[in-house]
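Peer 1: quick one, what's the 3D model for this:
(one chain, ligands or ions: 1)
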Amino acid sequence: MLTLENVTAGYGGGDVLQGVDLTCAPGTVTCIVGPNGAGKSTVLKVISGLLRCRTGSVSLGETRLDGLDPSRVLALGITQVPQSQALFPGMTVRENVQLGGYLIRRDRKLLAARYAAVCERIPLVASRAGDHAGNLSGGQRRMVEIARCLMLEPKLLLLDEPSLGLDPQSLAGVAGLIRSLNEGGTTMLLVEQNVRLGLGLATHGVVMEGGRVRLTGTAAAVRDNPEMAALYLGGTSAKETQRG
Ligand SMILES: Nc1ncnc2c1ncn2[C@@H]1O[C@H](COP(=O)(O)OP(=O)(O)OP(=O)(O)O)[C@@H](O)[C@H]1O
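Peer 2: A predicted model of the protein is given here:
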(Lines give C-alpha, C1' and ligand atoms only; values in the text may rest on other atoms or scores of the structure.)
Protein backbone atom coordinates (compact mmCIF):
# COMPACT_ATOMS: atom_id res chain seq x y z
CA MET A 1 0.00 0.00 0.00
CA LEU A 2 1.30 3.42 -0.98
CA THR A 3 0.32 6.17 1.42
CA LEU A 4 0.84 9.92 1.19
CA GLU A 5 -0.02 11.84 4.33
CA ASN A 6 -0.34 15.61 4.47
CA VAL A 7 2.33 16.12 1.80
CA THR A 8 3.46 19.62 0.97
CA ALA A 9 6.02 20.19 -1.79
CA GLY A 10 7.03 22.82 -4.30
CA TYR A 11 9.77 24.02 -6.60
CA GLY A 12 10.69 27.47 -5.36
CA GLY A 13 9.14 29.78 -2.82
CA GLY A 14 5.58 28.51 -2.64
CA ASP A 15 4.08 25.09 -2.06
CA VAL A 16 2.51 23.44 -5.10
CA LEU A 17 1.13 20.53 -3.05
CA GLN A 18 -0.69 21.81 -0.02
CA GLY A 19 -1.40 18.86 2.26
CA VAL A 20 -2.08 15.92 -0.06
CA ASP A 21 -3.43 12.63 1.35
CA LEU A 22 -3.61 9.69 -1.03
CA THR A 23 -3.53 5.89 -0.90
CA CYS A 24 -3.09 3.18 -3.54
CA ALA A 25 -3.99 -0.34 -2.45
CA PRO A 26 -2.32 -3.36 -4.09
CA GLY A 27 -4.04 -4.46 -7.29
CA THR A 28 -5.82 -1.15 -7.87
CA VAL A 29 -5.50 1.45 -10.61
CA THR A 30 -5.78 4.96 -9.24
CA CYS A 31 -6.17 7.87 -11.62
CA ILE A 32 -5.45 11.46 -10.64
CA VAL A 33 -7.37 14.01 -12.70
CA GLY A 34 -7.72 17.76 -12.43
CA PRO A 35 -7.07 20.97 -14.30
CA ASN A 36 -3.68 22.12 -15.60
CA GLY A 37 -1.35 23.08 -12.82
CA ALA A 38 -3.34 21.24 -10.14
CA GLY A 39 -0.19 19.41 -9.04
CA LYS A 40 -0.87 15.97 -10.52
CA SER A 41 2.60 15.41 -12.00
CA THR A 42 4.13 16.89 -8.87
CA VAL A 43 2.52 14.09 -6.83
CA LEU A 44 4.28 11.53 -9.03
CA LYS A 45 7.61 13.38 -8.65
CA VAL A 46 7.29 13.32 -4.87
CA ILE A 47 6.56 9.57 -4.90
CA SER A 48 9.46 8.73 -7.22
CA GLY A 49 11.87 10.85 -5.19
CA LEU A 50 12.54 13.44 -7.91
CA LEU A 51 11.13 16.12 -5.62
CA ARG A 52 11.47 16.13 -1.84
CA CYS A 53 8.37 16.80 0.18
CA ARG A 54 8.67 19.66 2.64
CA THR A 55 6.32 18.17 5.21
CA GLY A 56 4.27 15.01 5.48
CA SER A 57 5.21 11.47 4.56
CA VAL A 58 5.26 9.03 1.66
CA SER A 59 5.31 5.33 2.57
CA LEU A 60 5.22 2.02 0.73
CA GLY A 61 3.94 -0.42 3.32
CA GLU A 62 6.04 0.20 6.41
CA THR A 63 8.90 1.81 4.46
CA ARG A 64 9.23 5.59 4.39
CA LEU A 65 10.09 6.83 0.90
CA ASP A 66 10.31 10.56 1.51
CA GLY A 67 13.89 11.68 1.67
CA LEU A 68 15.13 8.73 -0.40
CA ASP A 69 16.97 9.21 -3.70
CA PRO A 70 15.09 8.17 -6.87
CA SER A 71 17.42 5.18 -7.29
CA ARG A 72 16.42 3.85 -3.84
CA VAL A 73 12.73 4.36 -4.60
CA LEU A 74 13.24 2.45 -7.85
CA ALA A 75 15.01 -0.37 -6.01
CA LEU A 76 12.06 -0.58 -3.60
CA GLY A 77 9.78 -1.33 -6.54
CA ILE A 78 8.33 1.92 -7.86
CA THR A 79 8.91 2.64 -11.54
CA GLN A 80 7.68 5.57 -13.59
CA VAL A 81 6.72 5.98 -17.23
CA PRO A 82 7.54 9.65 -17.80
CA GLN A 83 5.38 12.12 -19.68
CA SER A 84 7.99 13.01 -22.27
CA GLN A 85 9.39 10.59 -24.82
CA ALA A 86 11.85 8.50 -22.94
CA LEU A 87 13.18 5.91 -25.39
CA PHE A 88 16.57 6.07 -27.09
CA PRO A 89 15.56 6.25 -30.77
CA GLY A 90 18.86 4.86 -32.10
CA MET A 91 18.71 1.80 -29.86
CA THR A 92 16.62 -1.26 -30.58
CA VAL A 93 13.39 -2.09 -28.82
CA ARG A 94 15.16 -4.97 -27.04
CA GLU A 95 17.97 -2.71 -25.84
CA ASN A 96 15.53 -0.06 -24.64
CA VAL A 97 13.47 -2.59 -22.71
CA GLN A 98 16.53 -4.29 -21.21
CA LEU A 99 17.76 -0.93 -19.91
CA GLY A 100 14.81 -1.14 -17.53
CA GLY A 101 16.57 -4.08 -15.91
CA TYR A 102 19.72 -2.09 -15.17
CA LEU A 103 19.44 -2.79 -11.44
CA ILE A 104 19.41 -6.56 -12.04
CA ARG A 105 21.95 -6.50 -14.91
CA ARG A 106 24.48 -8.70 -13.10
CA ASP A 107 21.99 -11.55 -12.78
CA ARG A 108 21.92 -12.60 -16.42
CA LYS A 109 19.42 -15.41 -15.88
CA LEU A 110 16.98 -13.16 -14.06
CA LEU A 111 17.37 -10.48 -16.72
CA ALA A 112 16.61 -13.01 -19.47
CA ALA A 113 13.63 -14.41 -17.58
CA ARG A 114 12.20 -10.95 -16.97
CA TYR A 115 12.69 -9.99 -20.62
CA ALA A 116 10.91 -13.18 -21.73
CA ALA A 117 8.03 -12.41 -19.34
CA VAL A 118 7.75 -8.86 -20.70
CA CYS A 119 7.71 -10.19 -24.29
CA GLU A 120 4.90 -12.54 -23.33
CA ARG A 121 2.88 -9.74 -21.76
CA ILE A 122 3.56 -7.25 -24.55
CA PRO A 123 4.00 -9.18 -27.82
CA LEU A 124 5.01 -5.98 -29.64
CA VAL A 125 8.35 -6.12 -27.80
CA ALA A 126 9.10 -9.55 -29.26
CA SER A 127 7.84 -8.77 -32.74
CA ARG A 128 9.81 -5.49 -33.03
CA ALA A 129 12.79 -6.48 -30.83
CA GLY A 130 15.43 -5.71 -33.44
CA ASP A 131 13.91 -2.47 -34.75
CA HIS A 132 15.14 0.93 -33.71
CA ALA A 133 12.76 2.56 -31.24
CA GLY A 134 12.80 5.67 -33.45
CA ASN A 135 10.92 3.73 -36.13
CA LEU A 136 7.93 2.96 -33.92
CA SER A 137 4.62 4.83 -33.90
CA GLY A 138 3.70 6.96 -30.88
CA GLY A 139 1.47 4.26 -29.43
CA GLN A 140 4.10 1.58 -29.93
CA ARG A 141 6.70 3.76 -28.22
CA ARG A 142 4.41 4.24 -25.24
CA MET A 143 3.99 0.46 -24.98
CA VAL A 144 7.76 -0.04 -25.07
CA GLU A 145 8.18 2.63 -22.37
CA ILE A 146 5.74 0.68 -20.22
CA ALA A 147 7.51 -2.59 -21.08
CA ARG A 148 10.79 -1.12 -19.90
CA CYS A 149 9.25 -0.29 -16.53
CA LEU A 150 8.00 -3.87 -16.15
CA MET A 151 11.54 -5.29 -16.20
CA LEU A 152 11.77 -4.69 -12.45
CA GLU A 153 8.32 -6.25 -11.79
CA PRO A 154 7.31 -3.10 -9.93
CA LYS A 155 5.11 -3.07 -6.86
CA LEU A 156 3.73 0.19 -8.21
CA LEU A 157 3.83 1.56 -11.74
CA LEU A 158 3.49 5.33 -12.14
CA LEU A 159 2.22 6.62 -15.49
CA ASP A 160 2.25 10.32 -16.32
CA GLU A 161 -0.32 11.09 -19.04
CA PRO A 162 -0.22 7.78 -20.92
CA SER A 163 -2.68 9.15 -23.51
CA LEU A 164 -0.62 12.23 -24.36
CA GLY A 165 -0.23 12.80 -28.10
CA LEU A 166 -1.73 9.48 -29.18
CA ASP A 167 -4.20 8.98 -32.02
CA PRO A 168 -7.41 7.07 -31.17
CA GLN A 169 -6.10 3.73 -32.42
CA SER A 170 -2.85 3.99 -30.45
CA LEU A 171 -4.82 5.15 -27.45
CA ALA A 172 -6.98 2.04 -27.59
CA GLY A 173 -3.85 -0.12 -27.68
CA VAL A 174 -2.28 1.59 -24.67
CA ALA A 175 -5.58 1.51 -22.76
CA GLY A 176 -5.90 -2.22 -23.51
CA LEU A 177 -2.39 -2.77 -22.19
CA ILE A 178 -3.12 -0.89 -18.95
CA ARG A 179 -6.26 -2.98 -18.45
CA SER A 180 -4.45 -6.24 -19.08
CA LEU A 181 -1.63 -5.26 -16.71
CA ASN A 182 -4.19 -4.57 -14.00
CA GLU A 183 -5.85 -7.93 -14.65
CA GLY A 184 -2.39 -9.45 -14.17
CA GLY A 185 -2.15 -7.78 -10.76
CA THR A 186 0.03 -4.71 -11.49
CA THR A 187 -0.78 -1.79 -9.21
CA MET A 188 -0.81 1.55 -11.04
CA LEU A 189 -1.12 5.22 -10.30
CA LEU A 190 -1.73 7.35 -13.34
CA VAL A 191 -2.17 11.01 -14.09
CA GLU A 192 -4.54 11.84 -16.94
CA GLN A 193 -5.81 15.01 -18.58
CA ASN A 194 -8.32 12.84 -20.41
CA VAL A 195 -10.81 12.46 -17.55
CA ARG A 196 -13.12 10.04 -19.32
CA LEU A 197 -10.30 7.74 -20.40
CA GLY A 198 -8.47 7.89 -17.09
CA LEU A 199 -11.46 7.18 -14.89
CA GLY A 200 -12.59 4.53 -17.38
CA LEU A 201 -9.32 2.66 -16.87
CA ALA A 202 -9.14 3.16 -13.12
CA THR A 203 -10.64 1.43 -10.12
CA HIS A 204 -10.20 4.57 -8.01
CA GLY A 205 -10.21 8.27 -8.80
CA VAL A 206 -8.62 11.31 -7.20
CA VAL A 207 -9.56 14.83 -8.28
CA MET A 208 -6.98 17.51 -7.54
CA GLU A 209 -7.38 21.23 -7.68
CA GLY A 210 -4.93 23.90 -6.56
CA GLY A 211 -2.52 21.44 -4.96
CA ARG A 212 -5.19 19.74 -2.87
CA VAL A 213 -7.30 16.62 -3.19
CA ARG A 214 -10.83 17.79 -3.86
CA LEU A 215 -12.59 14.44 -4.35
CA THR A 216 -11.66 10.80 -3.94
CA GLY A 217 -13.47 7.46 -4.20
CA THR A 218 -14.12 4.64 -6.59
CA ALA A 219 -13.64 5.70 -10.20
CA ALA A 220 -17.37 5.37 -10.87
CA ALA A 221 -18.32 7.41 -7.80
CA VAL A 222 -15.86 10.17 -8.74
CA ARG A 223 -17.00 10.19 -12.36
CA ASP A 224 -20.65 10.47 -11.38
CA ASN A 225 -20.15 13.01 -8.59
CA PRO A 226 -22.08 16.17 -9.48
CA GLU A 227 -19.08 18.26 -8.41
CA MET A 228 -17.14 16.77 -11.33
CA ALA A 229 -19.62 18.09 -13.83
CA ALA A 230 -19.51 21.54 -12.31
CA LEU A 231 -15.73 21.60 -11.96
CA TYR A 232 -14.25 20.11 -15.07
CA LEU A 233 -16.78 19.18 -17.66
CA GLY A 234 -18.72 22.34 -18.27
CA GLY A 235 -21.83 21.07 -16.58
CA THR A 236 -21.93 17.66 -18.28
CA SER A 237 -20.97 14.65 -16.20
CA ALA A 238 -18.28 12.32 -17.54
CA LYS A 239 -20.92 9.59 -17.84
CA GLU A 240 -23.09 11.75 -20.03
CA THR A 241 -20.06 12.77 -22.09
CA GLN A 242 -19.27 9.09 -22.58
CA ARG A 243 -22.80 8.38 -23.77
CA GLY A 244 -22.75 11.38 -26.06
N1 LIG B 1 10.19 22.05 -12.54
C2 LIG B 1 9.34 22.99 -12.13
N3 LIG B 1 9.81 24.19 -11.68
C4 LIG B 1 8.96 25.16 -11.25
N5 LIG B 1 7.62 25.03 -11.24
C6 LIG B 1 7.11 23.88 -11.69
C7 LIG B 1 7.93 22.81 -12.16
N8 LIG B 1 7.13 21.78 -12.54
C9 LIG B 1 5.86 22.20 -12.31
N10 LIG B 1 5.85 23.44 -11.81
C11 LIG B 1 4.65 24.21 -11.42
O12 LIG B 1 3.93 23.49 -10.45
C13 LIG B 1 2.53 23.58 -10.66
C14 LIG B 1 1.93 22.19 -10.75
O15 LIG B 1 2.50 21.54 -11.88
P16 LIG B 1 2.15 20.03 -12.25
O17 LIG B 1 2.96 19.70 -13.46
O18 LIG B 1 2.26 19.17 -11.07
O19 LIG B 1 0.62 20.17 -12.64
P20 LIG B 1 -0.33 19.14 -13.35
O21 LIG B 1 -1.56 19.06 -12.53
O22 LIG B 1 0.40 17.88 -13.63
O23 LIG B 1 -0.69 19.89 -14.68
P24 LIG B 1 -0.28 19.60 -16.19
O25 LIG B 1 -1.27 18.61 -16.63
O26 LIG B 1 -0.43 20.92 -16.83
O27 LIG B 1 1.12 19.07 -16.16
C28 LIG B 1 2.35 24.42 -11.91
O29 LIG B 1 2.06 25.73 -11.52
C30 LIG B 1 3.69 24.35 -12.59
O31 LIG B 1 3.97 25.52 -13.31
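Peer 1: name the element the spatially most central residue of the chain belongs to?
Peer 2: When the chain is reduced to its mean C-alpha position, the closest residue under C-alpha atoms, centre = their mean turns out to be Leu159, at 1.7 Å. Assessed by DSSP states H and E, Leu159 sits inside strand 156-160.
Peer 1: what do you get for Arg72?
Peer 2: Short version, using DSSP H and E: Arg72 is in helix 70-75.
Peer 1: so what strands line up beside the strand holding Leu159?
Peer 2: Applying DSSP bridges to the sheet, strand 156-160 is found paired with strand 78-81 (parallel), strand 188-191 (parallel).
Peer 1: how about residues contacting the first one?
Peer 2: This points to strand 78-81. 2, 44, 47-48, 60, 65, 100, 142, 145-146, 149-150, 152, 154-160, 162 (C-beta atoms under 8 Å, 6 or more residues apart in numbering). All C-beta atoms are positioned from the backbone trio N, CA, C, and that covers glycine.
Peer 1: and it, how far from the chain's centre?
Peer 2: Centroid separation for strand 78-81 versus its chain: 7 Å, with C-alpha atoms, centre = their mean, to the nearest Å.
Peer 1: would you mind listing what in this protein touches the ligand?
Peer 2: Tyr11, Val16, Gly34, Asn36, Gly37, Ala38, Gly39, Lys40, Ser41, Thr42, Val191, Gln193 (C-beta under 6 Å from any ligand atom).
Peer 1: one step back: out of the contacts of strand 78-81, which sit inside strands?
Peer 2: Leu2, Leu60, Leu156, Leu157, Leu158, Leu159, Asp160 (DSSP state E).
Peer 1: need the max-distance pair from those residues.
Peer 2: The span of those, defined through C-beta to C-beta, is set by Leu60 and Asp160 at 18.4 Å.
Peer 1: of the two, which one has the most company?
Peer 2: Legend: neighbour count by other C-beta atoms under 10 Å for Leu60 and Asp160, higher for Asp160 (21 against 18).
Peer 1: ok, what's across the strand from that one?
Peer 2: Val191.
Peer 1: got the contact list for it?
Peer 2: Applying C-beta under 8 Å, 6+ apart, the residues contacting Asp160 are Ser41, Leu44, Gln80, Val81, Pro82, Gln83, Leu190, Val191.
Peer 1: now do the buried residues in stretch 41-56.
Peer 2: Ser41, Thr42, Val43, Leu44, Lys45, Val46, Ile47, Ser48, Gly49, Leu51, Cys53, Gly56 (16 or more other C-beta atoms under 10 Å).
Peer 1: restricted to strands, list the residues of the chain next to the ligand.
Peer 2: Val191.
Peer 1: which of the residues of the chain next to the ligand are buried?
Peer 2: Val16, Gly34, Ala38, Gly39, Lys40, Ser41, Thr42, Val191.
Peer 1: can you list these in CSV and add pLDDT?
Peer 2: Shown next, in CSV, are those (pLDDT from 0 to 100):
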residue, pLDDT
Val16, 96
Gly34, 91
Ala38, 93
Gly39, 96
Lys40, 96
Ser41, 95
Thr42, 96
Val191, 96
